[in-house]
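Visitor: Quick one: sequence and predicted model below, then my questions.
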Amino acid sequence: MIELSLLGGWRLTSDGQPVALPEAGRRVVAHVALHGPATRQILVGALWPEAPEAQAHACLRSTLWRIRRCPAPLLLVRGDRVMLDLARIRLDLAELNNLLLRPPDPPRPEPAYLTGGDLLPDWYDDWVLSEQEQLRQHCLHALDRLAAALLERGDCAGALEMALGAVAMEPLRESAHRAVIEVHLREGNASEALRHYEAYRKLLWSELGLEPSPLLRRLLPVRTSFGTALS
C-alpha cells in the first residue's frame with residue numbers, strides 16, 4: 001500500500017515505511033496530484049518557469065527517471081502525459097474531496113478530517129497557493145452545511161462539533177459563530193450563547209473594527225454587558 005499525504009505536509013510511505021523523494025520529484029508528483037494529468041510542457045512551465053526550455057525539459061526527464069527508480073511506483077507516463085497512478089496510491093486529498101462531494105446528511109464525518117491540516121503548508125508556488133485557498137473554502141462551507149444539517153436533525157452535539165471546527169479554521173467567520181450560537185440556543189443555554197457572542201464581538205472589533213451583522217445580533221434579543229441592545 002502506497003500512501004501519499006499532502007494535508008498537513010508532504011508524507012510518502014510504502015507499506016508503512018517512509019519513502020524519500022528528491023525535491024523536484026516531490027514537486028512533479030504534487031503537481032499532478034493537485035491538478036490531474038499534465039503534459040510535459042505544462043509541467044516544465046509550472047515547475048521550471050525561469051529555466052530555458054531545453055534545460056527545463058532536461059530537468060523534467062531527469063526527475064521522471066529518478067521517480068521511476070523510487071521503490072513506490074507513483075506515476076504513469078503515457079506519451080507526453082504524466083499522471084498519478086491512482087490505482088496503486090491512497091491519496092488523502094482525494095479522500096477529502098470525495099467527502100466534500102457527499103450530501104450533508106448521514107453519516108457525520110470526523111471534523112478533524114476537514115480541519116486536519118493545510119494543503120502542503122510552507123509551499124508557496126502559485127500553482128499550490130490557489131489550491132490551498134480553494135480547499136480551505138470548500139472545507140469551511142462543508143462544515144457550515146454539516147452543522148446546519150445536523151442541527152436540523154436534532155444532533156446538537158454533532159452540529160456544535162462541526163461549527164467549532166469551522167471557528168478553529170477561521171476565527172472571524174461569522175457563519176461559524178452563528179451556528180455555535182444557534183446550537184446553544186436550541187439547547188436552552190442562553191448564557192452560553194451570549195458568552196460566545198460577546199467573545200466573537202470583541203475579537204471582530206479588535207481585529208477588523210467591525211460589529212457583528214444584524215442577522216447575528218437578532219439571534220439574541222437581550223442586552224450584552226456592554227449595554228447595547230441586540231434585538
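Guide: Yes, it's here. Just so we're clear, the structure is a prediction, and the values are computed from it rather than from any experiment.
Visitor: List of residues touching the helix or strand containing V82?
Guide: Here V82, judged by DSSP states H and E, is contained in strand 81-84. Contact partners of strand 81-84, identified using CB atoms under 8 Å, 6 or more residues apart in numbering, comprise 4, 28-29, 32-33, 36-40, 43, 64, 74-76, 91. Any C-beta I mention is one placed from the backbone N, CA and C, and that applies to glycine too.
Visitor: Out of those, which comes closest to S206?
Guide: A33 (38.9 Å; CB to CB).
Visitor: shouldn't that closest one be in contact with R90?
Guide: No: the criterion here is CB atoms under 8 Å, and A33 misses it with R90 at 11.7 Å.
Visitor: overlap in contacts of these two?
Guide: Here A33 and R90 share the contacting residues L4, scored by CB under 8 Å, 6+ apart.
Visitor: Looking at these two, which one has more neighbours?
Guide: Here A33 and R90 are set side by side on neighbour count (other CB atoms under 10 Å), and the busier one is A33, at 21 against 13.
Visitor: host element of that one?
Guide: Following DSSP H and E, the helix or strand that holds A33 is helix 23-35.
Visitor: Give me the helices and strands touching the helix or strand that that helix is followed by, please.
Guide: Following the chain from helix 23-35 toward its C-terminal end, the next helix or strand by DSSP H and E is strand 38-39. Here strand 38-39 is seen to pack against strand 81-84 when contacts are counted using 3 or more CB pairs under 8 Å, 6 or more residues apart in numbering; DSSP states H and E.
Visitor: Note down every partner strand of the strand it packs on and its orientation.
Guide: Each strand pairing with strand 81-84, determined using DSSP bridges, is listed with its direction: strand 38-39 (antiparallel), strand 75-78 (antiparallel).
Visitor: Show the average pLDDT along the shortest one.
Guide: This points to strand 38-39. In this model, strand 38-39 has an average pLDDT of 97.
Visitor: buried stuff in the helix or strand just after that strand?
Guide: Proceeding C-terminally, strand 38-39 gives way to helix 40-47 as the next helix or strand, assigned by DSSP H and E. Of the residues in helix 40-47, those with enough neighbours to count as buried (16 or more other CB atoms under 10 Å) are R40, I42, L43, V44, A46, L47.
Visitor: hmm, who's touching helix 40-47?
Guide: With CB under 8 Å, 6+ apart as the contact definition, helix 40-47 has outside contacts at 24, 27-28, 31-32, 38, 51, 53, 56-57, 59-60, 80, 82, 125, 127.
Visitor: If we use 10 Å, what do you get?
Guide: Outside helix 40-47, the residues that touch it by CB atoms under 10 Å, 6 or more residues apart in numbering are 24, 27-28, 30-32, 35, 38-39, 51, 53-61, 63-64, 77, 79-82, 125-128.
Visitor: Below-threshold pLDDT in this protein: ranges please.
Guide: Residues of the chain that meet the criterion pLDDT under 70 lie in 102-113, 115-116, 221-231.
Visitor: Need the nearest residue in space to L210, chain neighbours excluded.
Guide: Take L210 and drop its neighbours on the chain: the residue closest to it by CB to CB, 6 or more residues apart in numbering is L204, 5.3 Å away.
Visitor: what about the one you found, which helix or strand?
Guide: In the assignment (DSSP H and E), L204 maps to helix 190-208.
Visitor: quick one: buried residues of that helix?
Guide: Neighbour counts over helix 190-208 (16+ other CB under 10 Å) mark E192, A193, L194, H196, Y197, Y200, R201, L204 as buried.
Visitor: quick one: the strand holding V82 to chain centroid distance?
Guide: Here strand 81-84 is found 24 Å from its chain centre; the criterion is CA atoms, centre = their mean, to the nearest Å.
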